[in-house]
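Undergrad: sequence unknown, structure follows:
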């Protein structure tokens, strides 16, 4: 023990534990606590005291008076140093391994950079070759699988995977050819025998299909302009111009209206365009479609979708069907007469909200433009019709009912207007038209219903002479006859204006068997096959 420690102990307790003898390497016994063995080591030597006077090494021991000396455990002093050495060795080894690893990583990185710098083209070629090889392997696998079956598998090229969402360029190009149409008509309602009338307006759509020397021509649906007192067209620059009927085909629900070129301002002429008609026969399922129209009368709007079906058969009226384009682009009231467009900006169909019956989400219909175009071309070349006032309007002098396609198929009656009654002193009676005749043409235009006949009559004034074609029964068949009829005034025609037979108390103008049924070809009643019936 160092000298300062011994003095401190003597001061504290008055006892000395031992004293170093440099000559003998032993301690003297100083006091009763000589049993403590203190060990101070220099190199491999140590010194201590015990009660028996025997030297010990390594550490100090305390032994009782009658006990044998307690020997320290073998190599006890070396374990501590050995552990330290092991730890030091591990640290050194770790440093060596870490240094080697770091040096290797740095060296490998430099080699890699040098390799990339010197041979970039080789790496690209290798990567491309690997992709080509993977593609070839996949192709070989597909061909192998296909060769095992007679049915091929579906494949879609990357060029077909695009989804079209931005149609702004197409819309900007075609919108100048689109128009809105307002049908101003007179609505009437009967309350306890009192008829009340008021002015009303319906909205639809159309698109410009051409022009002649004096007129700009617009295609639309027939039901958009039906019953109009006047028509108004609104162009893309919001300018409004009055229009007149050019030609109609109620059976196909098509019409062409005309706007006088002199009524269109030069500014509007610079803005508007003529629509390009496409080929609806080339349509494919899933092809994008754009519907443009005056939805709900709020103004032009654009909806998008795809071609959901082609040649979809829809019932137009009882017993009459047609084939149409089906799309999931929204077609709402007001869209009728508007254009269905493809991504080329071509008109592929004429939208109709009337088709399909009750409204169903994502199921709109359009008249295929390839079917409509021949009819539109014909209507464009008809004489423009100016509606006359009710006071000046001419009348044939009949009551009639429509012969539908279903009745035609069931009874063999030609389709048109069945003459149920002939008014006395009217133009029809004077010309020779008889009860039971079926009117099929009026002034060279096909007639398929009573509504169709009345719509055409609103453009003819009293005193006009027109050619009316009828089908008249001759034994077991119908033969065609023509009559030149001079239209009369409602006041001079006994029985009043032309009307649907039985319209008082009746809600339908279709033939329902309540009048004398015309002859049925091949009948068995012995008198020209004619039979009287009150049943259908």
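TA: Nice, thanks for sending it over. All of these numbers come straight from a predicted model, not from anything done at the bench.

Undergrad: Please report how far residue 209 lies from residue 366.
TA: As judged by CB to CB, to the nearest Å, residue 209 and residue 366 stand 15 Å apart. All C-beta spots, glycine's among them, are computed from the backbone N, C-alpha and C.

Undergrad: Who has more neighbours out of these two?
TA: residue 366 (29 against 23; other CB atoms under 10 Å).

Undergrad: ok, and the closest non-adjacent residue to the more buried one?
TA: Nearest residue to residue 366, sequence neighbours excluded (CB to CB, 6 or more residues apart in numbering): residue 349, at 3.1 Å.

Undergrad: likewise residue 196?
TA: Excluding the flanking residues, the one nearest residue 196 by CB to CB, 6+ apart is residue 189, at 5.4 Å.

Undergrad: who's in contact with the residue nearest to residue 366?
TA: By CB atoms under 8 Å, 6 or more residues apart in numbering, the residues touching residue 349 are 280, 324, 325, 327, 339, 340, 366, 367, 368, 369.

Undergrad: Just the ones of the residues you listed in helices?
TA: Those of the contacts of residue 349 mapping onto helices are residue 369, per DSSP state H.

Undergrad: any idea which of the contacts of residue 349 is the one closest to residue 217?
TA: residue 339 (14.5 Å; CB to CB).

Undergrad: thinking again about what came up before, what does the pLDDT read for the residue nearest to residue 196?
TA: Looking at residue 189, its pLDDT reads 79.

Undergrad: elements contacting the one helix or strand it maps to?
TA: Residue 189 belongs to strand 178-191 when assigned by DSSP states H and E. Strand 178-191 sits against strand 194-211, strand 215-220, helix 222-225, strand 230-234, with contacts defined as 3 or more CB pairs under 8 Å, 6 or more residues apart in numbering; DSSP states H and E.

Undergrad: Dump those into JSON lines; add distance to residue 331 and mean pLDDT as well.
TA: What follows is the helices and strands packed on strand 178-191, written out as JSON lines (distance: least, CB to CB, whole Å; pLDDT from 0 to 100):
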{"stretch": "strand 194-211", "distance to residue 331": "10", "mean pLDDT": "91"}
{"stretch": "strand 215-220", "distance to residue 331": "14", "mean pLDDT": "97"}
{"stretch": "helix 222-225", "distance to residue 331": "13", "mean pLDDT": "92"}
{"stretch": "strand 230-234", "distance to residue 331": "19", "mean pLDDT": "95"}
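
Undergrad: Out of the ones you listed, indicate the one that is most buried.
TA: strand 215-220 (a mean of 26; mean count of other CB atoms under 10 Å).

Undergrad: partner strands of it, parallel or antiparallel?
TA: strand 194-211 (antiparallel), strand 254-260 (antiparallel) (DSSP bridges).

Undergrad: Mind listing residues that contact that strand?
TA: In contact with strand 215-220 (CB under 8 Å, 6+ apart) are residues 179, 181, 204-211, 233, 243, 246, 254-261, 264, 272, 336-337, 350, 372, 376, 380, 384.

Undergrad: how many degrees apart are it and strand 230-234 in direction?
TA: Here the directions of strand 215-220 and strand 230-234 differ by 90 degrees (axes from the mean of the first three to the mean of the last three CA atoms, to 10 degrees).

Undergrad: circling back: which pLDDT value does the model give the residue nearest to residue 366?
TA: Value for residue 349, per-residue pLDDT: 96.

Undergrad: Mind jotting down where the helices sit in the chain?
TA: Along the chain, counting by DSSP H, helices occupy 3-13, 76-118, 120-147, 168-174, 222-225, 266-271, 369-380, 405-411, 427-431, 450-457.

Undergrad: same for the fifth one, what does it pack against?
TA: Applying 3+ CB pairs under 8 Å, 6+ apart, one finds that helix 222-225 makes contact with strand 178-191, strand 194-211, strand 240-249, strand 254-260.

Undergrad: List the contacts of it.
TA: 181, 183, 202, 204-206, 231, 245, 248-250, 252-255, 257, 336-337, 352, 354.

Undergrad: Buried ones only from the residues you listed, please, as a PyMOL command.
TA: Entered in PyMOL, the line below selects the buried ones among the contacts of helix 222-225, by 16 or more other CB atoms under 10 Å:
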select buried, resi 181+183+202+204+205+206+231+245+248+249+250+252+253+254+255+257+336+337+352
